[in-house]
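Engineer: pasting the structure only:
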């Protein structure tokens, strides 16, 4: 699936998110949604990695890999999962920081703790 664009992958991600939410509903821990979403994306033939370490550099000094990408799809699209009552500005900024650190162009912030997924899958682009 190497020739898939970020937008092609994003389309698959959105569909898989809806499928997981329809099956599981709101109220579970992020880890449950992560496992289910990784399974769904993998069943579509996509390459999926979970809990991918992000190296943090500060002025040339590697600070360690204390941060992790929830799901990385095809090495091109990052997914940050939440199961919260309401997404905050900080959640959006966190995703943008992860995109920058990982040098990835496209990411999705997904909150599964909602009645409707329509407005709970938010696309962010890193202006590399």
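Structural biologist: Cool, the structure landed. What you see is a predicted model; the values in this text were computed from it and never measured.
Engineer: ok, residue 66 - how many residues close by?
Structural biologist: 9 (other C-beta atoms under 10 Å). Bear in mind the C-beta positions are built from the backbone N, C-alpha and C, glycine included.
Engineer: how near is it to residue 110?
Structural biologist: When distance is defined by C-beta to C-beta, to the nearest Å, residue 66 is 22 Å away from residue 110.
Engineer: any low-confidence regions in the protein?
Structural biologist: Residue ranges of the chain with pLDDT under 70: 1-2, 128.
Engineer: what residue is smack in the middle of it?
Structural biologist: Nearest to the centroid of the C-alpha atoms of the chain, with distances taken as C-alpha atoms, centre = their mean, sits residue 79, at 0.6 Å.
Engineer: Same question for that one, what's its three-state structure.
Structural biologist: Three states are possible here, and by DSSP: H, G, I helix; E, B strand; the rest coil the one that applies to residue 79 is strand.
Engineer: Give the bridge partners for the closest residue in space to it that isn't next to it in sequence, please.
Structural biologist: The shortest distance from residue 79 to any residue other than its chain neighbours is 4.1 Å, reached at residue 71 (C-beta to C-beta, 6 or more residues apart in numbering). Taking DSSP bridges, one obtains residue 50, residue 79 as the residues bridged to residue 71.
Engineer: Mind giving me the packing neighbours of the lengthiest helix in the chain?
Structural biologist: With DSSP state H applied, the helix covering the greatest number of residues in the chain is identified as helix 6-24. In this structure, helix 6-24 makes packing contacts with helix 30-43, strand 67-73, strand 77-82, strand 106-111, strand 121-125, judged by 3 or more C-beta pairs under 8 Å, 6 or more residues apart in numbering; DSSP states H and E.
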